[in-house]
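Undergrad: coordinates only, no sequence provided:
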Ligand SMILES: [Ca+2]
Ligand SMILES: [Ca+2]
């Protein structure tokens, strides 16, 4: 179709909007939007199908700006196409409570698919979005009903390309032959430290080739719209490999400082703003100008998108007649509802049931619910047999050519790529019709911290199955034994850390993880066996904490989680021998317990007697629920786990000794308030 | 020289030792040692120079087992060569308090250079070791005195190859043209989930080529000792590129389950142990057998190593005569002593000095001390201008051919590779004559969590310069504003988290970071300006906490860090207007404060009046020092930082309001103990 003046005008409109917004905010990154405006214009107008009036349409093409600092590019596009992003919103760029924050946040802005900015995350999210399309398509598409066939497009820069998470994700995408994924690498030779020559001289395309990607180079990315279009078309034609297009551009194109680090992370100076506008034929004294013919062009494409959705809706209606079961299922999943009564499948346990490791109890949950919760995709970062994440009849999600699984498979082989696993799960969740769960050792969830944080910030229902949750893993030793890990993730907002003590609590953890639509969860699970507790129940545990052993005459409350709850119960007998009565509280999830009403919390952790926490991890934070803390504020040890527990005095005697000291220490304090009592509420 | 029966016997001795140790421990990984015994035998005997009697000899060749789960391979070698690792130590493999833990720990075992096991770390450490050699050599070598010319060798497996950190480190090594680094990739097609075909099908050598490495493939790694030797020799001949040798091996070579996942992470079964020994000509009924001729062969090489060190010592003595200054300097650095009186260079401030961001105050420290502390290597993960990590006259550490610096440069361009930066710094520190400091945003230290943990566990004196430490970074928004980050790293054992409030505290943080030989530090620094405090001093701050404003009639203590200390001081005036007196404590480093005597701690945080903490981050852990906590247990917001502070009520009024509530709430509690009072001591 060729390109004319209006196309050029549109590209320069995007550029000047980015210049104006960053100048007005006195903050932000004009360089990437100015450099990538041409490819964005071509991609969004000539290839992408979407309806700005319904940003949630399931089969829309997905776009991810992995170099999220360039978000004014995306905000400008959203505005021009008629998403609910106004010119005023652009003028409020980077202001408190605006919908145009400094980096794109999916839950803030219509049309933003995933939350990016932390480098490398977006490209990994894009891999997840592409996986979700492939898997969903394999499940729901039927002859004559190509319901799910969207593409995922991602832009990324040098910064993303340098991040390990991007390498992991790209290797995974190559293995998975994700032909529905097209990435544009903004090769502008600039990162924050200046010329990439100072730190980044690898051959990026060759690296992606090594991963199994289809690669192309467009040399004149600033101007050669035809070449950009041709490359994207060629990428779409390759369906058995992900594609990357290296696009050589000039960062800050049009600025006096174009091609330098000066335009990366700072607004243009006033005189530069003026000369840019003059250069592009805009009135240098006007700001936030959008020529009507640009609106017209973009509105036209938006209308085409609306029509495409309309057509899809009709197809979907017809699908409902021919495939009513699948139709109902997809409707349900789009609403993020779980199947009616699914929770009845959750295993429950009696005290007489055999002791089991909570990783095995987690496996029992997956075995029990995988049929009734078909949106659940499990997986592991190469620790399947240790994480117990795979139900017996699971099929791997694999390209059929590998003969190791197929596209409808629900078990992900993430490889030893924890960080990418987490970000890919964020992408899978963001697609809208899956709930991803992924396993690794608790200690190595730390490798994924950057992406776990974004699960929480961007409200993704993602489940981290984190086994080998303490020194209880034994022989692997301090390099594998978490100490600080639970404190870390307990401090993360909108994130549930579960450390179940037995089977019922494990079922409760899954219940909450699956039913919390906008909160991710981590399940810290043991390698070693745990007995089934007397008073545990799903109903008690889903309140985050409950009384595991009551005694109205108790002199002390022991509050604990996971493997140490049964140890506390044993120590109650030791204490009884010494004439001291104790009660025991299990507190498997702080985040959930905190949300209970005060009356309940004070029933669990009452005033009047001292409370001592017991957990074989850092004590940090336990002061919130206890007067004294018994934990492990040092690194662990390599050895059989019972020996290691003994070394650190995590025995009934070791607990009892400290409980006695606690009781004596608080004898004279009146009133002795439960730490649950607070002078004021926290902002949340 | 060829290989004979004794070589074969030695290789099989290593294999059977690994089989016996894992069988005896009923735990561990026999597969990698059995597969890699041939290359280890060739490398250690034919190429590596080391003296088992002095594992600290500076110019020894370094060996890193990045696939650390295979540590029985290394322990066996250490024993055979005569390091202080006895047969009994091998028999105590994976037992509590042995020197042969489940993964190699540098501070536990003579001859272990770096702590590995968490995958990908070792190969990145190796890059750091190679950098340290290059930089040290450039500084200390003189014509006729090749003092530092050792090689660094690393083994890594598929797991390491999949980890993003390894990709980052390999890209960096390629850019830096580290010809002194030789890595052996154990291409055995097996990871924990089974055949690598299920998740890892990229072309690894092509990827390394893309990074700029010299690559080779040895096809018959189980048997072809000549080819292994030839490849290593060829790798040594390439001096302007790091080298990788892909070595195709059979995991668990000799076992009935060889070549399968069954030998990866589990000991061999009893009958398999027997058949392996028979196959290799060993008595199936004997364990931990080392034929004398194997000891003899290895002792011979050990003697050669001892002689090499002797020769080096003579050279070094001669060097002392011709280059006395450099000699004294290197002697000092090997002892990890700092130069006499260096601390006099630390800047100090008066209250009348101008307000400055603590990232600028950190820059002032680097500017002031870089000449007197020449072992300090600074750097940044592509945020040099934001982290303020570079002194004005700094020279980049770069291959001279880039014309961007030279090998003696002390400024590292890590690129956007936070995780590798941290692990490379661990390697640089482990070499023994440098103190590395590296910058990124505090929020992105989380990307490096896996390696930061190992800084602490392995006692490396590494400094994390973590700027933009709160919502005070403003417009970049929630994706960049840390909330949980300080709680995370405060919970990490043997790790100092500093959050200085002004110039003197910043100098104190550097003082402690540099003088703590076995403890890494993180400096959380502001983007925004901070006033110089009235009562601050280096002497006060190096105790971890001190009284910033005393008032004997105070009704409340406000305890705070960093940017909120001056805010607390302001709020004291607001409180005074309301008739309430308050005192203020600055607590820049918990880890250091915890180590003070109780009397001092109670002077700072006394009994009798309530204590409220104030910090714009997660409150988690602050209960340890305060009765009530004012913090931010939610994500931040994008906007000018003063607006963001206001939104969350971090204003003198917001603090005062909560201080009043705190005073009222605790009026009736007698005695009101300081949280510093504890019923029992923590295990540390
Ligand atoms: Ca760039
Ligand atoms: Ca392998």
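TA: That came through fine. Since the structure is predicted, the reported quantities are computational estimates derived from the model, not experimental observations. Numbering: from 1, shown residues only, chains lettered A, B, ... in the order given. Ligands and ions are numbered 1, 2, ... in the order given.
Undergrad: for stretch A:375-390, buried residues please.
TA: For stretch A:375-390, a neighbour-count test (16 or more other C-beta atoms under 10 Å in any protein chain shown) marks A:375-390 as buried. All C-beta spots, glycine's among them, are computed from the backbone N, C-alpha and C.
Undergrad: next, count neighbours for residue A:358.
TA: Neighbourhood size, residue A:358 [other C-beta atoms under 10 Å in any protein chain shown]: 30.
Undergrad: which residues does it contact?
TA: Residue A:358 makes contacts with A:469, A:500, A:501, A:502, A:506, A:523, A:525, A:526, A:530, A:562, A:563, as judged by C-beta atoms under 8 Å, 6 or more residues apart in numbering or on different chains.
Undergrad: tell me which stretches of the stretch 1-150 of chain A form strands.
TA: Along the stretch 1-150 of chain A, counting by DSSP state E, counting those that start in this stretch, strands occupy A:62-65.
Undergrad: Three-state assignment for residue A:275, please.
TA: Assigned by DSSP: H, G, I helix; E, B strand; the rest coil, the conformation of residue A:275 is helix.
Undergrad: that one: neighbouring residues, count only.
TA: The number of residues near residue A:275, taken as other C-beta under 10 Å, comes to 16.
Undergrad: quickly note the distance from it to chain B.
TA: As defined by C-beta to the nearest C-beta, to the nearest Å, residue A:275 lies at a distance of 24 Å from chain B.
Undergrad: correct me, but that residue touches residue A:256?
TA: Yes - distance between residue A:275 and residue A:256: 6.4 Å, which falls inside the contact criterion (C-beta atoms under 8 Å).
Undergrad: circling back: can I get the contacts of residue A:358 in JSON lines including distance to residue A:84, secondary structure and pLDDT?
TA: Below are the contacts of residue A:358 laid out as JSON lines (distance: C-beta to C-beta, whole Å; DSSP: H, G, I helix; E, B strand; the rest coil; pLDDT from 0 to 100):
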{"residue": "A:469", "distance to residue A:84": "44", "secondary structure": "coil", "pLDDT": "98"}
{"residue": "A:500", "distance to residue A:84": "42", "secondary structure": "coil", "pLDDT": "98"}
{"residue": "A:501", "distance to residue A:84": "46", "secondary structure": "coil", "pLDDT": "98"}
{"residue": "A:502", "distance to residue A:84": "48", "secondary structure": "coil", "pLDDT": "98"}
{"residue": "A:506", "distance to residue A:84": "42", "secondary structure": "helix", "pLDDT": "98"}
{"residue": "A:523", "distance to residue A:84": "37", "secondary structure": "strand", "pLDDT": "98"}
{"residue": "A:525", "distance to residue A:84": "42", "secondary structure": "coil", "pLDDT": "98"}
{"residue": "A:526", "distance to residue A:84": "47", "secondary structure": "coil", "pLDDT": "98"}
{"residue": "A:530", "distance to residue A:84": "50", "secondary structure": "strand", "pLDDT": "98"}
{"residue": "A:562", "distance to residue A:84": "45", "secondary structure": "coil", "pLDDT": "98"}
{"residue": "A:563", "distance to residue A:84": "49", "secondary structure": "helix", "pLDDT": "98"}
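Undergrad: any idea which of the residues you listed is closest to residue A:85?
TA: For residue A:85, the closest of the contacts of residue A:358 turns out to be residue A:523, at 37.5 Å, with distances computed as C-beta to C-beta.
Undergrad: any idea what the closest one is bridged to?
TA: The residues paired with residue A:523 through beta bridges, assigned by DSSP bridges, are residue A:465, residue A:498.
Undergrad: and it, how far from residue A:512?
TA: Computed as C-beta to C-beta, to the nearest Å, the residue A:523 to residue A:512 distance reads 10 Å.
Undergrad: could you say which helix or strand contains residue A:332?
TA: Counting by DSSP states H and E, the secondary-structure element that holds residue A:332 is helix A:324-334.
Undergrad: next, give phi and psi for residue A:585.
TA: Residue A:585 has phi and psi values of phi -120, psi 130 when expressed as degrees, to the nearest 10.
Undergrad: close enough to count as contact, it and residue A:548?
TA: Yes - between residue A:585 and residue A:548 a contact is recorded at 6.2 Å, counting by C-beta under 8 Å.
Undergrad: so the two - more neighbours on which side?
TA: Of the pair residue A:585 and residue A:548, residue A:548 is the one with more neighbours under other C-beta under 10 Å, namely 28 against 25.
Undergrad: for that one, helix, strand, or coil?
TA: Taking three-state DSSP as the rule, one finds residue A:548 in the strand state.
Undergrad: over to the one 4 residues further on?
TA: For residue A:552, the assignment made with three-state DSSP gives coil.
Undergrad: quick check: it vs chain B, distance?
TA: With the distance defined as C-beta to the nearest C-beta, residue A:552 ends up 23 Å from chain B.
Undergrad: and for residue A:523 and residue A:512, which residues touch both?
TA: Overlap between the contact sets of residue A:523 and residue A:512, as judged by C-beta under 8 Å, 6+ apart, is given by residue A:498.
Undergrad: the two - which one has more neighbours?
TA: In this comparison of residue A:523 against residue A:512, neighbours counted by other C-beta under 10 Å, the higher total goes to residue A:523 at 30 against 23.
Undergrad: residue A:508 is in contact with the more buried one, correct?
TA: No - in this structure residue A:523 lies outside contact range of residue A:508 using C-beta under 8 Å: 10.5 Å.
Undergrad: overlap in contacts, these two.
TA: Counting by C-beta under 8 Å, 6+ apart, the contacts common to residue A:523 and residue A:508 are residue A:500.
Undergrad: which strands and helices sit next to the host helix or strand of residue A:207?
TA: For residue A:207, the enclosing helix or strand under DSSP H and E is helix A:204-211. Under the contact definition 3 or more C-beta pairs under 8 Å, 6 or more residues apart in numbering or on different chains; DSSP states H and E, helix A:204-211 sits against helix A:164-175, strand A:214-218, strand A:243-248, helix B:204-211.
Undergrad: 6 Å instead, please
TA: Contacts of helix A:204-211 with other secondary structure elements, assessed using 3 or more C-beta pairs under 6 Å, 6 or more residues apart in numbering or on different chains; DSSP states H and E, are made with helix A:164-175, strand A:214-218, helix B:204-211.
Undergrad: put together JSON lines for those, with mean pLDDT and mean neighbour count on each row.
TA: Compiled in JSON lines, the helices and strands packed on helix A:204-211 are given as follows (pLDDT from 0 to 100; neighbours: other C-beta atoms under 10 Å in any protein chain shown):
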{"stretch": "helix A:164-175", "mean pLDDT": "98", "mean neighbour count": "30"}
{"stretch": "strand A:214-218", "mean pLDDT": "98", "mean neighbour count": "19"}
{"stretch": "helix B:204-211", "mean pLDDT": "98", "mean neighbour count": "22"}
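Undergrad: include distance to residue A:229 when you put those into CSV, please.
TA: Shown next, in CSV, are those (distance: least, C-beta to C-beta, whole Å):
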stretch, distance to residue A:229
helix A:164-175, 23
strand A:214-218, 10
helix B:204-211, 28
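Undergrad: quick one: which of those is nearest residue B:83?
TA: The minimum distance between residue B:83 and those falls on helix B:204-211, with 31.3 Å, by C-beta to C-beta.
Undergrad: how far out from the middle of the chain is that closest one?
TA: The gap between where helix B:204-211 is centred and where its chain is centred comes out at 26 Å by C-alpha atoms, centre = their mean, to the nearest Å.
Undergrad: before we move on, the earlier item: nearest to ligand 1, of the helices and strands packed on helix A:204-211?
TA: Evaluated over those, closeness to ligand 1 peaks at helix A:164-175, with 13.0 Å, by C-beta to the ion.
Undergrad: show me the helices in the stretch 251-400 of chain A, by range?
TA: A:270-279, A:292-322, A:324-334, A:358-369, A:384-387 (DSSP state H, counting those that start in this stretch).
Undergrad: what is the first one packed up against?
TA: Translated: helix A:270-279. On a contact count with 3+ C-beta pairs under 6 Å, 6+ apart, helix A:270-279 meets helix A:5-25.
Undergrad: what about the stretch 551-684 of chain A, any weak spots by pLDDT?
TA: For the stretch 551-684 of chain A, the stretches flagged by pLDDT under 70 are A:683-684.
Undergrad: no more questions from me, cheers.
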